[in-house]
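[1] Pasting a predicted model and its sequence here:
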Amino acid sequence: MSEWEYPAAMSGLRLVLFFARKEARMRRRSLFALFASVALGLAPRVAAAQQLTVFAAASLTDAMKDIGTVWHADGHPDLTFSFAASSTLARQIEQGAPANLFASADEQWMDYAERHDLIAAGTRRTLLGNSLVLVMPRDHLHQVAIGPDMDISALLGADGRIATGDPSNVPAGIYAKQALTKLGLWDKVSTRIASADSVRAALLLVERGESPVGIVYSTDVAVSPTLAIAGTFPEPSHDPITYPFAVTRAGDTKESRALLDFLAGPKAREIFIKRGFVDPPR
């Protein structure tokens with residue numbers, strides 16, 4: 001008689017003991033199957049599913065890496081980052097690139113993401129502010145009074161160009177064009193812009209000596225040992241520089257929302273402030 005066949009000849013206590021032994025064997029086999037599935041790689045797949053990918057504006061690079069270290073130390077899986085211009089990131093998300101959270105360097109590209117139904121409803125939060133500055137090499141540094149009377153020719157020389165983000169789509173370049181236009185200088189410099197695909201790429205042009213000056217964020221200058229701020233653009237000359245964060249619609253999970261809460265919390269804020277960011281204008 002098979003161990004799984006009904007023991008018709010048994011009765012009373014022997015029958016009770018039979019089914020008790022049968023249930024115990026079934027439980028042991030179920031546990032064995034569970035452990036085997038873990039050994040065959042189920043656990044790594046579960047862990048991978050919990051990992052989060054963050055698409056963040058290039059100017060957030062250092063701060064977000066610091067925050068990722070603290071996030072991991074708090075018991076969460078490592079974060080995966082993709083840093084680029086906000087315009088590039090928004091379009092990549094639109095094209096289906098996997099991301100759990102999007103952090104933009106301006107409201108315009110988060111507006112774009114929201115219009116195209118790329119972010120989870122109700123998750124958008126503006127967490128940070130920044131300032132727009134004129135940067136140049138430390139060994140050629142002199143203070144510049146930024147205003148309508150700024151002598152662009154003296155800054156650039158005969159062939160020099162101003163390095164900044166592409167004014168057509170990169171937030172740093174958009175802010176730069178706004179400021180130069182407001183100050184009445186854009187027509188003088190529009191043909192002398194060295195457009196870069198991100199603010200960090202613009203910073204690199206100045207570091208390499210390919211441009212004598214650049215227009216970037218103050219937080220970017222802080223990460224360069226060879227550059228310094230020559231002047232700060234007046235805040236009324238451009239839109240407020242703000243950083244909206246949101247969970248993406250495709251990557252909306254409980255852990256994604258927990259990360260957003262963490263980025264808005266005191267541990268992350270301490271890191272952002274240390275890296276030179278400020279609270280957004282109210």
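    Nice, I can see it.
[2] so what's residue 224 up against?
    If you count contacts by Cβ atoms under 8 Å, 6 or more residues apart in numbering, residue 224 has them with 135, 203, 207. For every residue, glycine as well, the C-beta is placed using N, CA and C.
[3] Report pLDDT for the last one.
    What the model reports for residue 207 is a pLDDT of 97.
[4] How about residue 128?
    pLDDT, residue 128: 98.
[5] do the same with residue 66
    Each residue has a pLDDT score; the one for residue 66 is 98.
[6] and it, what helix or strand is that in?
    Using DSSP states H and E, residue 66 sits in helix 61-73.
[7] Return the list of helices and strands in contact with that helix.
    strand 52-57, strand 79-84, helix 254-263, helix 266-274 (3 or more Cβ pairs under 8 Å, 6 or more residues apart in numbering; DSSP states H and E).
[8] Out of these, the one nearest residue 217 is which?
    Residue 217 lies closest, by Cβ to Cβ, to one member of the helices and strands packed on helix 61-73: strand 52-57, at 9.5 Å.
[9] strands paired with that closest one, and their directions?
    strand 79-84 (parallel), strand 101-103 (parallel) (DSSP bridges).
[10] just so I know, which of those strands lies nearest residue 114?
    Proximity of these to residue 114 was assessed by Cβ to Cβ; the nearest stretch is strand 101-103, lying at 10.1 Å.
[11] low-confidence ranges in the stretch 1-150 of the chain?
    By pLDDT under 70, the weakly predicted segments of the stretch 1-150 of the chain are 1-49.
[12] how about the helices in it?
    Along the stretch 1-150 of the chain, counting by DSSP state H, counting those that start in this stretch, helices occupy 12-37, 43-50, 61-73, 86-94, 107-115.
[13] For the third one, give me every contacting residue.
    In this structure, residues lying in contact with helix 61-73 by Cβ under 8 Å, 6+ apart are 54, 56, 78-79, 81, 83, 103, 200, 219, 223, 259, 262-263, 267-268, 271-272, 274-275, 277.
[14] Need the buried ones from the residues you listed selected in ChimeraX.
    To isolate the buried members of those in ChimeraX, using 16 or more other Cβ atoms under 10 Å:
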select :54,56,79,81,83,103,200,219,259,262,263,268,271,272,275,277
